[in-house]
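J.: sequence isn't available, so here's the structure alone:
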């Protein structure tokens, strides 16, 4: 019975010692704080200065592949780039980070095969600004859309996986502009034109469908 008690006390003392060491690492910039999987594989490695993350931080998958790396200065991602990886080592995303810790610039995401998945230009507030692009895994465009301060504001185009244009519509402040929406079949033929009208509040007033310049019976409605 005494042996079990002593073992328990020894274990508690060991945990206390490890915790103390970990805390000393947090307060010191010379030694990284490391976290491990139950298998013993390194899970993460972080550096601290005066109790705040400072320097290069890394996270790993259990198979040892790098999952994410990010540079910190006084607890914030500042003036650097953040990278994420798939567990096969392939780059998953990259983001330029400004002094406020927000993405600013061209953010890119990738498929596991290395093919570009999306391009997201962002402003200093981390909101989409400019031409946003999404891609199929075959490298062809899914959609392009112009954004302003996080909202669609301009022409949005959607595509079939073959690369053929599927539809196009204009937006203003995130709302489709009064006028026309055009849709095409996979051969490029104009399939449908959709016209919208709106109240001053932005609420949809009416919606009409046209084919070959003629309203499609039964498909028009007024709100």
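T.: Happy to help now that I have it. These numbers were taken from a predicted model, which means no experiment stands behind them. Numbering: from 1, shown residues only.
J.: thought residue 49 was touching residue 74?
T.: Yes. The criterion here is C-beta atoms under 8 Å, and residue 49 meets it with residue 74 at 7.2 Å. Every residue, glycine included, has its C-beta placed from N, CA and C.
J.: tell me which of the two has more neighbours.
T.: Neighbours per residue, other C-beta atoms under 10 Å: of residue 49 and residue 74, the larger number sits with residue 49, 17 against 10.
J.: with residue 32 as the reference, measure out to the more buried one.
T.: Between residue 49 and residue 32 the distance, using C-beta to C-beta, to the nearest Å, works out to 12 Å.
J.: residue 95 too?
T.: 23 Å.
J.: what residues are up against residue 155?
T.: Residue 155 makes contact with 145, 146, 168, 169, 170, 171, according to C-beta atoms under 8 Å, 6 or more residues apart in numbering.
J.: confirm the fifth one sits in a strand?
T.: Yes. The assignment for residue 170 by DSSP: H, G, I helix; E, B strand; the rest coil puts it in a strand.
J.: ok, what's across the strand from it?
T.: With DSSP bridges as the criterion, the beta-bridge partners of residue 170 are residue 155.
J.: may I have the predicted confidence score for it?
T.: Per-residue confidence (pLDDT) for residue 170: 94.
J.: my guess is it contacts residue 152, does it?
T.: No. Counting by C-beta under 8 Å, residue 170 stays clear of residue 152, with 9.1 Å between them.
J.: more crowded one of those two?
T.: Taking neighbours as other C-beta under 10 Å, residue 170 and residue 152 compare with residue 152 leading, 20 against 17.
J.: from residue 52, how far off is the more buried one?
T.: With C-beta to C-beta as the criterion, residue 152 and residue 52 are 38 Å apart.
J.: which regions of this protein sit below the pLDDT cut-off?
T.: Judged by pLDDT under 70, the chain has its weakly predicted residues at 1-30, 78-79, 179-180, 192, 194-198, 200, 202, 204, 207-223.
J.: can you list the domains in it?
T.: Here the domain assignment for the chain is 1-27, 32-127, based on automatic domain parsing.
J.: using CSV, lay out the contacts of residue 155 together with distance to residue 184.
T.: As requested, these are exported to CSV (distance: C-beta to C-beta, whole Å):
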residue, distance to residue 184
145, 17
146, 20
168, 8
169, 12
170, 16
171, 19
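J.: quick one: which of those is nearest to residue 121?
T.: residue 146 (10.1 Å; C-beta to C-beta).
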